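In: could you work out the structure for the sequence below:
(chains A, B and C)
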Amino acid sequence: MENMRHIIEADQFDKTILEKVFMLTTELKGNFLEMAEKGKIKDLSMYSAQIINKEMVTLFYQPSTRTRASFEIAFQRMGGKVIFSTENAKEFSSAAKGETLEDTIRVICGYYPDVIVLRHYETGAAKIAVEVIQKNNFNVHIINAGDGIGEHPTQAILDLYTIRKYFGGIYNISIVMMGDLYNGRTVRSLSYLLAKCYKNIKIYFVSSPEVKMKDDIKNYLKENGVWFTETDDFVSAAREADVIYQTRVQKEWFGDRVDEYEKAKKNFTITFKIINEMKKEAIIMHPLPRNDEIPIYVDINHRAMYFRQAQNGLFVRMALFREIFS
Amino acid sequence: MENMRHIIEADQFDKTILEKVFMLTTELKGNFLEMAEKGKIKDLSMYSAQIINKEMVTLFYQPSTRTRASFEIAFQRMGGKVIFSTENAKEFSSAAKGETLEDTIRVICGYYPDVIVLRHYETGAAKIAVEVIQKNNFNVHIINAGDGIGEHPTQAILDLYTIRKYFGGIYNISIVMMGDLYNGRTVRSLSYLLAKCYKNIKIYFVSSPEVKMKDDIKNYLKENGVWFTETDDFVSAAREADVIYQTRVQKEWFGDRVDEYEKAKKNFTITFKIINEMKKEAIIMHPLPRNDEIPIYVDINHRAMYFRQAQNGLFVRMALFREIFS
Amino acid sequence: MENMRHIIEADQFDKTILEKVFMLTTELKGNFLEMAEKGKIKDLSMYSAQIINKEMVTLFYQPSTRTRASFEIAFQRMGGKVIFSTENAKEFSSAAKGETLEDTIRVICGYYPDVIVLRHYETGAAKIAVEVIQKNNFNVHIINAGDGIGEHPTQAILDLYTIRKYFGGIYNISIVMMGDLYNGRTVRSLSYLLAKCYKNIKIYFVSSPEVKMKDDIKNYLKENGVWFTETDDFVSAAREADVIYQTRVQKEWFGDRVDEYEKAKKNFTITFKIINEMKKEAIIMHPLPRNDEIPIYVDINHRAMYFRQAQNGLFVRMALFREIFS
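Out: As a prediction, the model looks like this:
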């Protein structure tokens, strides 16, 4: 099996690769936490000799403190160097002067970085970057850190890792996906990978009618024999769930219909009532940032897994760096 | 005496800690300047073994080139690493998507930095960050680099250091505090610490009636037997001063009353006339940035201490890093 | 010959210095590409012992991803450290509070960096920075990375390097300069240096009448016996050219006259027709970013030199760093 050169979309991953990445994640996480707890230098470069002194450029056309932080910190802890970082390239760069992404990537690659972590506001941006690299034979890896409403593959992988780690595997899992299913790239990628790689999965899509899951994913689930249903009955779905995967309800999709937005928000909030209806072992996930859809009183509940999920992002990204540099 | 874990507010400091920090500052400054002048590598890590390879995150929700520079440069020169830095997290991050500071701090702490230097637009932000850390048992230090109109403790400490260094001690000092005393966090913290830790201090509060010092500080001065007066007679106060601590007169507090603003600015500008009235050994300080309230012709006067004061910030912050990491 | 301390304007350079910088550039480029192609650590510090552990501050009051990246990456690969970097100091700093550039430079120099790379929106900013340094005896180098419509000397030098490298020398060269010649700092500096340092140069200035080359440069060319002409007949000029140096046609200069802007753009675009009329060995350059004035189908043509030109910027900046630190 060839190693991945770039990380662009969920589609690249199959179960074999995922399991390899997950094992590596667990190993790196374990080693790291041991170091951190003993107050040692948090340096994983002995587990990633191939990354030592490699050079990363972070090219964010759209801000994301959390995502940029986890990529930069992960890479540095494995021995790599962040040689250039830009926080908001859309506003702050030649993009404002009308330069295409192709030209920017070509110029930056001409400076010979080893990897570019790219976040862009347009769907398909990461693929375009890879095309530039292939056409010009650059020896640069691209990692998609989110492109428009397209993909954000490392998020889907850290989500899967969190489920797998908690349940000891991904089999026979019922998952409630909530919020803006129409636009949400995380719920889309997660549904896709669950259907592609895992068995005995049940999905409950819970949303307002305005923001239901699109047909492409639903058809893919059907083709792969994944049971799913669409409902606005959150309580009943919550009772069946091993995982409630909550996302934000985006106000802008309701336009003037403020009442409907408020109703949707209220209906799809995770309340004490919901928590009490959930199975004993069931967990609550969220890609963050969250607003009110998970009240803060949930945070201390043992089901609340979203901060651990965010932390797993650090270790999953470490493993993915090692994968592409192998 | 236990070492400080976090640096949040002026209130944490007493004379013993201050003197310890000041001695350390002088030692670090001396060692550094010797290196710099001999053209050696500017590396103070031999004086701060506990900081070597420690990891800092700079989380600025409000821009401040100068403050961020001094923290990042200080930390790196002592052997630490800046593993993530954000210039304007308010605009450029999940904060724009409605994430609370609590959630952001919790996620960032989950990436295991050793210290977060936080600047925020809301008063009390640094305390909130510490609460998150304590509640979740994170092993992370917080340094408040300014929170709204609340605190900016490292500024107050570098101000005190500058006075102490110049006069050989802080005793029998008359200080004129000028400008926006109502909102100015630097004059508030400086008054507080002078009253708390030092003896025979006299304070002249010189301001427009719109922006007088608040009662809380005035009451604290009374309780601690510090002589003070409030006046708009700058010239008379200047004659008595060992230190004139000038700050900006903020236009916005005068609303439509442009004439009054112009008058206030004129009355409280440090002119040649003022300089000539000052005592022989008296100095002029300013937290910077300044506008016209200190004309640039003052810069070459031997009394002008504000650039040295800014530089002292670098060394005071070094000493504070060593204090929290001890 | 004394080494340069600062890099402020094209005027500082003469042929001797340029040739020295170009030889060094070629050496560094060769060493680097060999390392990069063999997959070795891209570390040129063995060729720049004087830069190891030197400290750079990047102070950009105006965004420029490409320029900032090439300076920061160049400096780090030679063993230097970027100890502080700001992406948009105009908006994000005390500049917004009315601080002068002089004060900011004085404070930053007080933190003892070794070099400040400055980009500013006002013409003459870099000279002001040098004056602050000289007046205060700071041991800091300034590099002008563009100041308003003033200078951007490292761009002119990488342009010359690209011509010299391609033709094996700069002699007997006909160059067509296109686009906004009135405001374009690159065409101005390039014309100046060609006239000052090289022989048998012919220049064709091709532009709309609104944005013709200013008299100062034209007079300088006359004084130095450089043949030049001004024309809007692009096709005829292109036939004579060894180099077409294309730049952007700036819409804003045409105001309401949209038709004229569209006509100018169309007339001064590099089409297949133009390419076919060019001499066999002739090349096309552009300082980037580009819009439509060079269609992307030109990119695969062997004449297209603009991406290599951008890459040369990395190596020229390395050579200039070594020059100022020698």
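In: so which residues of chain A form helices?
Out: Remark: helices assigned in chain A by DSSP state H are A:15-37, A:65-77, A:101-109, A:125-135, A:153-167, A:185-197, A:215-223, A:234-240, A:258-267, A:272-277, A:306-324.
In: just say which of those helices is most tucked in.
Out: With neighbours taken as mean count of other C-beta atoms under 10 Å in any protein chain shown, those reach their highest mean count in helix A:65-77, at a mean of 25. Heads up, the C-betas are built off the backbone N, CA and C, glycines and all.
In: how far off centre is it?
Out: On the basis of C-alpha atoms, centre = their mean, to the nearest Å, helix A:65-77 sits 14 Å off its chain's mean C-alpha point.
In: near chain B at all, it?
Out: Yes: counting by C-beta under 8 Å from any C-beta of the partner chain, contacts between helix A:65-77 and chain B involve A:65-66, A:68-70, A:72-73, A:76-77.
In: of all the residues you listed, which comes closest to B:Met46?
Out: For those, the closest approach to B:Met46 (C-beta to C-beta) belongs to A:Gln76, at 23.4 Å.
In: could you check how far the closest one is from B:Ile296?
Out: 42 Å (C-beta to C-beta, to the nearest Å).
In: same check on A:Gly110?
Out: Using C-beta to C-beta, A:Gly110 is found at 44 Å from B:Ile296.
In: of these two, give the one with the bigger neighbour count.
Out: A:Gly110 (21 against 12; other C-beta atoms under 10 Å in any protein chain shown).
In: wait, the more buried one sits on C:Asn312?
Out: No: counting by C-beta atoms under 8 Å, A:Gly110 stays clear of C:Asn312, with 9.0 Å between them.
In: what's the neighbour count on whichever residue of the stretch 101-250 of chain A sits closest to chain B?
Out: Closest residue of the stretch 101-250 of chain A to chain B, C-beta to the nearest C-beta: A:Arg248 (7.6 Å). Using other C-beta under 10 Å, A:Arg248 has 23 other residues around it.
In: check A:Asp233 too.
Out: When counting by other C-beta under 10 Å, one arrives at 12 neighbours for A:Asp233.
In: do A:Met177 as well
Out: Each residue near A:Met177 was counted by other C-beta under 10 Å, and the total is 27.
In: partners of it in the sheet?
Out: With DSSP bridges as the criterion, A:Met177 is bridged to A:Phe205, A:Tyr245.
In: correct me, but it touches A:Phe234?
Out: No: the criterion here is C-beta under 8 Å, and A:Met177 misses it with A:Phe234 at 11.4 Å.
In: what touches both of those two?
Out: A:Val206 (C-beta atoms under 8 Å, 6 or more residues apart in numbering or on different chains).
In: what lies in contact with stretch A:208-215?
Out: For stretch A:208-215, using C-beta under 8 Å, 6+ apart, the contacting residues are A:177, A:179-183, A:187-188, A:191, A:205, A:207, A:230, A:232, A:249-250, A:253-254, A:260, A:264, A:268.
In: which residues touch the most centrally placed residue in chain A?
Out: The residue lying closest to the centre of chain A (C-alpha atoms, centre = their mean) is A:Gln155, at 0.8 Å. By C-beta under 8 Å, 6+ apart, the contact list for A:Gln155 reads A:146, A:185-186, A:189, A:287, A:313.
In: I'd like to know which of those residues is nearest to chain C.
Out: When the contacts of A:Gln155 are compared for distance to chain C (C-beta to the nearest C-beta), A:Gly146 comes out closest, at 18.3 Å.
In: pLDDT score assigned to the closest one?
Out: Here the pLDDT value assigned to A:Gly146 is 93.
In: looking at A:Ser94 now. What's its pLDDT?
Out: On the pLDDT scale, A:Ser94 gets 56.
In: nearest residue to A:Ala49 in space, please, no chain neighbours.
Out: Nearest non-adjacent residue to A:Ala49, counting by C-beta to C-beta, 6 or more residues apart in numbering or on different chains: A:Gly79, 7.7 Å away.
In: my guess is the one you found meets A:Glu55, correct?
Out: No: contact between A:Gly79 and A:Glu55 fails when scored by C-beta under 8 Å: they sit 11.2 Å apart.
In: for the closest residue to A:Thr154 other than its chain neighbours, list the residues it contacts.
Out: Leaving aside its sequence neighbours, A:Thr154 sits nearest to A:Arg317 (C-beta to C-beta, 6+ apart; 5.8 Å). For A:Arg317, the contact set (C-beta under 8 Å, 6+ apart) comprises A:70-71, A:74-75, A:154, A:158.
In: could you dump these into a markdown table with pLDDT and distance to B:Thr26 added?
Out: Formatted as a markdown table, the contacts of A:Arg317 follow (pLDDT from 0 to 100; distance: C-beta to C-beta, whole Å):
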| residue | pLDDT | distance to B:Thr26 |
| --- | --- | --- |
| A:Ser70 | 97 | 40 |
| A:Phe71 | 98 | 40 |
| A:Ala74 | 98 | 39 |
| A:Phe75 | 98 | 38 |
| A:Thr154 | 97 | 48 |
| A:Leu158 | 98 | 48 |
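In: nearest to C:Val115, of the residues you listed?
Out: Comparing those against C:Val115 with C-beta to C-beta places A:Phe75 closest, at 25.9 Å.
In: report pLDDT for the closest residue to that closest one other than its chain neighbours.
Out: Leaving aside its sequence neighbours, A:Phe75 sits nearest to A:Met56 (C-beta to C-beta, 6+ apart; 5.0 Å). For A:Met56, the pLDDT comes out at 98.
In: check A:Thr67 too.
Out: 94.
In: so what's it up against?
Out: A:Thr67 makes contact with A:119, A:145-146, A:313 under the criterion C-beta under 8 Å, 6+ apart.
In: kindly recompute the last result at 10 Å.
Out: A:58, A:60, A:117, A:119, A:145-146, A:152, A:154-155, A:313, A:317, B:93-94 (C-beta atoms under 10 Å, 6 or more residues apart in numbering or on different chains).
In: distance of it relative to B:Thr86?
Out: Taking C-beta to C-beta, one finds A:Thr67 at 12 Å from B:Thr86.
In: ok, back up a step: what is in contact with A:Gly110 and C:Asn312 at once?
Out: By C-beta under 10 Å, 6+ apart, the residues touching both A:Gly110 and C:Asn312 are C:Ser70.
In: any idea how far A:Ser207 is from A:Asn172?
Out: Noted for A:Ser207: a distance of 24 Å to A:Asn172, by C-beta to C-beta.
In: same check on A:Lys222?
Out: Counting by C-beta to C-beta, the gap from A:Lys222 to A:Asn172 is 19 Å.
In: cool, A:Tyr198 as well?
Out: With C-beta to C-beta as the criterion, A:Tyr198 and A:Asn172 are 9 Å apart.
In: now do A:His141
Out: Taking C-beta to C-beta, one finds A:His141 at 36 Å from A:Asn172.
In: of those two, which one has the most company?
Out: Taking other C-beta under 10 Å, A:His141 and A:Asn172 do not tie; A:His141 has more neighbours (21 against 12).
In: okay but that one is in contact with A:Phe321, surely?
Out: Yes: using C-beta atoms under 10 Å, A:His141 is in contact with A:Phe321, at 8.8 Å.
In: shared neighbours, those two?
Out: Residues touching both A:His141 and A:Phe321 (C-beta under 10 Å, 6+ apart) are A:7, A:54, A:56, A:115, A:117.
In: hmm, the third one is touching A:Lys81, no?
Out: Yes: the criterion here is C-beta under 10 Å, and A:Met56 meets it with A:Lys81 at 6.9 Å.
In: could you tell me which residues touch both of the two?
Out: Shared contacts of A:Met56 and A:Lys81, defined by C-beta under 10 Å, 6+ apart, comprise A:75, A:113-114.
In: let me have those in JSON lines, adding distance to B:Ala36 as columns.
Out: Shown next, in JSON lines, are the shared contacts of A:Met56 and A:Lys81 (distance: C-beta to C-beta, whole Å):
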{"residue": "A:Phe75", "distance to B:Ala36": "32"}
{"residue": "A:Pro113", "distance to B:Ala36": "32"}
{"residue": "A:Asp114", "distance to B:Ala36": "34"}
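In: closest to C:Phe325 among those?
Out: Of the shared contacts of A:Met56 and A:Lys81, the one sitting nearest to C:Phe325 (C-beta to C-beta) turns out to be A:Pro113, at 23.9 Å.
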